[in-house]
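**Q** What shape does this take:
(4 chains)
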2 protein chains.
Amino acid sequence: MLEPLYLNLGQHDALSDAEKALLAGAMTFERHFAIGQDIVASGSRPTYSTLILDGLAARYKVLENGGRQFTSLQVPGDFVDLHAFLLKTMDHGIVALSPCHVIFAEHSRLRAITEEAPHLTRLLWLDTLVDGAIHREWIVAMGRRSKTSHLAHLVCELFVRLQVVERTNGMSFHLPLSQAELADVLGLSVVHMNRVIGALRKVGVVSWANHTVTILDWHRLQEIAEFDPTYLSMMREPR
Amino acid sequence: MLEPLYLNLGQHDALSDAEKALLAGAMTFERHFAIGQDIVASGSRPTYSTLILDGLAARYKVLENGGRQFTSLQVPGDFVDLHAFLLKTMDHGIVALSPCHVIFAEHSRLRAITEEAPHLTRLLWLDTLVDGAIHREWIVAMGRRSKTSHLAHLVCELFVRLQVVERTNGMSFHLPLSQAELADVLGLSVVHMNRVIGALRKVGVVSWANHTVTILDWHRLQEIAEFDPTYLSMMREPR
DNA sequence: AGCGCACTCTAACAAATGTTAATGCCCGTC
DNA sequence: GACGGGCATTAACATTTGTTAGAGTGCGCT
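**A** As a prediction, the model looks like this:
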């Protein structure tokens, strides 16, 4: 059941059976969330961290004028709020973008891991560091990439991340986001989001229909995105 | 000498003398960097992490078209590349925006801390989590705030962060960024950056001259920025 | 004092992006 | 099979942001 987590953490460094057992021991109950439901509420102080077993979720903030901005997309194997273990108070919400199956890890047991399992602690820490690296890449995309390149970069990133947890199908993957939701990822209006998707389609590097993205020309898509996966730390090495 | 680090880490939770000694013991040699020098090069694999004792630095990425985007600003007391301890390879560069006095912490000794000092480990981990929280706030600002609000938010954030490490002077602080550099923070053209600064000045909430920012109306500045410092985790509580 | 240089600021125009509104399509419900 | 709602798409127009160019300003250097 925790396979996606093992795949996610294991991509960076070997994960021993003892460590897997520790992780499994930290888990408590499971739960399902429907589309649009808040998995974690902004302002709350959770006592557990949430691992996605299946589905797509997103961190977001809402401004006074009603504008919403997603700050990350979370795929199976991701702890959506591992940071709350130490940050304590959620400064943002987390919403289910597709039906989500999640499992909760008790903070008290995560704390025990930090007391007794230094290597596993470093891997969990690393997981949040990759989170930060993705954030930085998003900042660059928002600030200095063309919108087409930004979208292409997002497609590259999601494809690679989903591939790690075996959620791709050949060169395709399921992306259950409406264009309005995508607009809240890139920080665009819905109308312009539609234009940008159209532009990327027109170049012919992806086909995009029925919430399924198929990469037709991986090489050229990476070129358009200037995608360099270094920031995802997918190299397996001692940490 | 490590006072800014103690202030920075100590804002989140109490830091014991033993822990301060461990941190001090991790430090090796110091160094000065001139404006514009790279403190850490993109693509490198550092074996130490860099703590800013004095000065202002920034993380950045450069795109093929020459565009540069800063992904964070680093003030005294910040580890600019603590993440490289586990990420291993730098996926971005770090440049000195003012003359910088730094000190290097050996990764091997940081690793020893993770083996022997769980609470201090959590505080260091937390430091990188706050980093991530700041990134998220930047993403929101870039995607959904007006440019004036974005700039106001940046001023609020820097003021609060500098205050923690005692680098403010009443309601003023030194901000040695040219408008071209600021443009690379907000992701704007230099011309438009100039317009936005003019707009914020015109509202009368800040005065801004000679690289010194003075907040004239803190309350209204926060309103314009919708600034809520929760994300900086400045509450002192057990972690 | 004069020069050169980096930086700020402005103007005029071009391009990108947002807003409002309308149309068509798909799909589930009655 | 008709109806209604959410979503994708497009058009027309408004606003924001970028580009290019140049003038003004302060400051260190000779």
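
**Q** what's the helix or strand that contains A:Asn8 in contact with?
**A** A:Asn8 belongs to helix A:3-10 when assigned by DSSP states H and E. Contacting residues not belonging to helix A:3-10 are listed as A:15, A:20, A:23, A:51-54, A:76-79, A:123-124, A:126-127, A:164-166, A:236 [Cβ atoms under 8 Å, 6 or more residues apart in numbering or on different chains]. Just so you know, the C-beta spots here come from the backbone N, C-alpha and C atoms, and that holds for glycine as well.

**Q** now with 6 Å?
**A** Helix A:3-10 is contacted by residues A:Leu15, A:Lys20, A:Leu51, A:Pro76, A:Gly77, A:Leu123, A:Val164, A:Val165 when judged by Cβ atoms under 6 Å, 6 or more residues apart in numbering or on different chains.

**Q** Bridged to the residue nearest in space to the middle of chain A, which residues?
**A** The residue lying closest to the centre of chain A (Cα atoms, centre = their mean) is A:Gln74, at 2.6 Å. When bridges are called by DSSP bridges, A:Gln74 pairs up with A:Ala57.

**Q** wait, doesn't it sit right on A:Ala57?
**A** Yes: in this structure, A:Gln74 is within contact of A:Ala57 by Cβ atoms under 6 Å, at 4.5 Å.

**Q** Need the overlap of contacts for these two.
**A** With Cβ under 6 Å, 6+ apart, A:Gln74 and A:Ala57 have common neighbours A:Val80.

**Q** For chain A, what lies in contact range of DNA strand C?
**A** Neighbours of DNA strand C within chain A, by Cβ under 7 Å from any atom of the strand: A:Ser146, A:Lys147, A:Gly187, A:Leu188, A:Ser189, A:Val190, A:Val191, A:His192.

**Q** If you count neighbours, what's buried in stretch A:183-202?
**A** A:Ala183, A:Asp184, A:Val185, A:Leu186, A:Gly187, A:Leu188, A:Met193, A:Val196, A:Ile197, A:Leu200 (16 or more other Cβ atoms under 10 Å in any protein chain shown).

**Q** Ok, stretch A:114-123 next?
**A** For stretch A:114-123, using 16+ other Cβ under 10 Å, the buried residues are A:Thr114, A:Ala117, A:Pro118, A:His119, A:Leu120, A:Thr121, A:Arg122, A:Leu123.

**Q** I'd like the distance from that stretch to the chain centre, please.
**A** 23 Å (Cα atoms, centre = their mean, to the nearest Å).

**Q** The closest residue to A:Glu181 other than its chain neighbours: neighbour count?
**A** Closest residue to A:Glu181 apart from its sequence neighbours, by Cβ to Cβ, 6 or more residues apart in numbering or on different chains: A:Leu97 at 6.6 Å. When counting by other Cβ atoms under 10 Å in any protein chain shown, one arrives at 20 neighbours for A:Leu97.

**Q** quick one: contacts for A:Leu97?
**A** A:Leu56, A:Ala57, A:Ala58.

**Q** By neighbours, which of these wins?
**A** Counting by other Cβ under 10 Å, top hit in these: A:Ala57 with 28 neighbours.

**Q** So for the longest helix along chain A, mean pLDDT?
**A** Criterion DSSP state H: the longest helix present in chain A is helix A:118-144. Helix A:118-144 carries an average pLDDT of 97.

**Q** counting contacts, what elements does the next helix-or-strand element following it pack onto?
**A** Remark: after helix A:118-144, the chain's next helix or strand is helix A:147-164, criterion DSSP H and E. Helix A:147-164 is packed against helix A:190-203, helix A:218-225, with contacts defined by 3 or more Cβ pairs under 6 Å, 6 or more residues apart in numbering or on different chains; DSSP states H and E.

**Q** and if we set it to 8 Å?
**A** helix A:118-144, strand A:172-174, helix A:179-186, helix A:190-203, strand A:212-215, helix A:218-225 (3 or more Cβ pairs under 8 Å, 6 or more residues apart in numbering or on different chains; DSSP states H and E).

**Q** Would you format these as a markdown table with distance to A:Glu106 included?
**A** Formatted as a markdown table, these follow (distance: least, Cβ to Cβ, whole Å):
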| stretch | distance to A:Glu106 |
| --- | --- |
| helix A:118-144 | 14 |
| strand A:172-174 | 31 |
| helix A:179-186 | 31 |
| helix A:190-203 | 39 |
| strand A:212-215 | 36 |
| helix A:218-225 | 39 |
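
**Q** Relative to DNA strand D, which of the ones you listed is closest?
**A** Across those, DNA strand D has its closest neighbour in helix A:179-186 (3.4 Å, Cβ to the nearest atom of the strand).

**Q** residues making contact with that closest one?
**A** A:58, A:60, A:68-70, A:73, A:97, A:142, A:147, A:150-151, A:154, A:177, A:189-190, A:192-194, A:196-197, B:143.

**Q** change it to 10 Å
**A** Counting by Cβ atoms under 10 Å, 6 or more residues apart in numbering or on different chains, helix A:179-186 makes contact with A:58, A:60, A:62, A:67-73, A:95, A:97, A:138, A:141-142, A:145, A:147, A:150-151, A:154, A:175, A:177-178, A:188-194, A:196-197, B:139, B:143-144, all of which sit outside it.

**Q** residues in contact with A:Ser16?
**A** So A:Ser16 contacts A:Leu22, A:Ala117, A:His119, A:Leu120 (Cβ under 10 Å, 6+ apart).

**Q** With distance to A:Ala84 as extra columns, can I get the residues you listed in a markdown table?
**A** Formatted as a markdown table, these follow (distance: Cβ to Cβ, whole Å):
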| residue | distance to A:Ala84 |
| --- | --- |
| A:Leu22 | 20 |
| A:Ala117 | 20 |
| A:His119 | 23 |
| A:Leu120 | 18 |
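
**Q** Please identify which pair of the residues you listed lies farthest apart.
**A** Using Cβ to Cβ, the two most remote members of the contacts of A:Ser16 are A:Leu22 and A:His119, lying 10.3 Å apart.

**Q** what sits against A:Ala14?
**A** A:His119, A:Leu123, A:Arg236, A:Glu237, A:Pro238, A:Arg239.

**Q** Could I get those in JSON lines, plus columns for distance to B:Leu86?
**A** Shown next, in JSON lines, are the contacts of A:Ala14 (distance: Cβ to Cβ, whole Å):
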{"residue": "A:His119", "distance to B:Leu86": "11"}
{"residue": "A:Leu123", "distance to B:Leu86": "8"}
{"residue": "A:Arg236", "distance to B:Leu86": "13"}
{"residue": "A:Glu237", "distance to B:Leu86": "10"}
{"residue": "A:Pro238", "distance to B:Leu86": "10"}
{"residue": "A:Arg239", "distance to B:Leu86": "5"}
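
**Q** Kindly identify which of the residues you listed also come near chain B.
**A** A:His119, A:Leu123, A:Glu237, A:Pro238, A:Arg239 (Cβ under 10 Å from any Cβ of the partner chain).

**Q** among the residues you listed, which two are most distant?
**A** A:His119 and A:Glu237 (12.9 Å).

**Q** Skipping adjacent residues, who's closest to A:Trp218 in space?
**A** Nearest to A:Trp218 is A:Met171, by Cβ to Cβ, 6+ apart, at 6.7 Å.
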